[in-house]
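**Q** pasting the sequence and the predicted coordinates here, then a few questions.
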Amino acid sequence: MELIIELILQFIAELFLQVFAELLLGFGFKGLRPAGRSDGDADAAFAAIGFSGFGALLGWFSLLKFPQHFIRSQGLQVFNLVATPFLCGFLYSGLTRDKDRPEEFYVKFVNGLLFAFFMALIRFWMAE
């Protein structure tokens with residue numbers, strides 16, 4: 001029973017780190033407006049590259065503070081690499097949704113997924 005609780009806590013710690021970083025980044029991007037656009041819509045490809053790059057960068061920076069995997073099991077680390085980005089994508093798209101523009105759900109989902117995936121991927125490869 002202790003093992004199950006420990007595994008759940010490890011997964012929650014990894015998820016919390018990714019969601020917290022993603023929300024900080026996402027709310028920071030809300031203030032940016034692309035040049036030449038009055039409505040503030042970012043080019044989807046540029047945003048995807050930006051979220052991917054920042055996810056990888058923050059994954060690397062997170063290793064400075066948390067150099068070890070939160071999840072000890074290799075199999076669960078792979079599961080985290082796949083499942084957590086989808087969960088983060090849904091959370092990011094839901095928490096930052098604009099009720100006047102429901103079509104942005106997909107773009108925000110993909111951006112959140114890419115951010116969390118690249119953050120998890122860097123941590124997966126480089127953490128001890």
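**A** Cool, got the structure. Numbers count the residues shown, from 1 in each chain.
**Q** at the geometric centre of this protein, which residue do we find?
**A** Residue closest to the mean C-alpha point of the chain, counted by CA atoms, centre = their mean, is residue 116 at 2.4 Å.
**Q** and it, what element?
**A** helix 105-126 (DSSP states H and E).
**Q** ditto for residue 99
**A** Here residue 99 is assigned to no helix or strand, by DSSP H and E.
**Q** pLDDT value on it, please?
**A** Residue 99 carries a pLDDT score of 76 in this model.
**Q** what packs against the helix or strand of the chain with the lowest mean pLDDT?
**A** Least confident helix or strand, the chain: helix 2-29 with a mean of 73, by mean pLDDT, DSSP states H and E. The contact analysis (3 or more CB pairs under 8 Å, 6 or more residues apart in numbering; DSSP states H and E) places helix 2-29 against helix 44-65, helix 74-95, helix 105-126. The C-beta positions use only the backbone N, C-alpha and C, and glycine is treated the same way.
**Q** who wins for proximity to residue 5 among these?
**A** Nearest of the helices and strands packed on helix 2-29 to residue 5, taken as CB to CB: helix 74-95 at 13.8 Å.
**Q** next, the buried residues of the closest one.
**A** 76-77, 80-81, 84-85, 87-89, 91-93 (16 or more other CB atoms under 10 Å).
**Q** tell me the phi and psi of residue 72?
**A** Per-residue torsions, residue 72: phi -80, psi -30 (degrees, to the nearest 10).
**Q** just give the number of residues close to the nearest residue to it once chain neighbours are set aside.
**A** Nearest non-adjacent residue to residue 72, counting by CB to CB, 6 or more residues apart in numbering: residue 10, 6.5 Å away. For residue 10, the neighbour count with other CB atoms under 10 Å is 18.
**Q** cool, and residue 66?
**A** 15.
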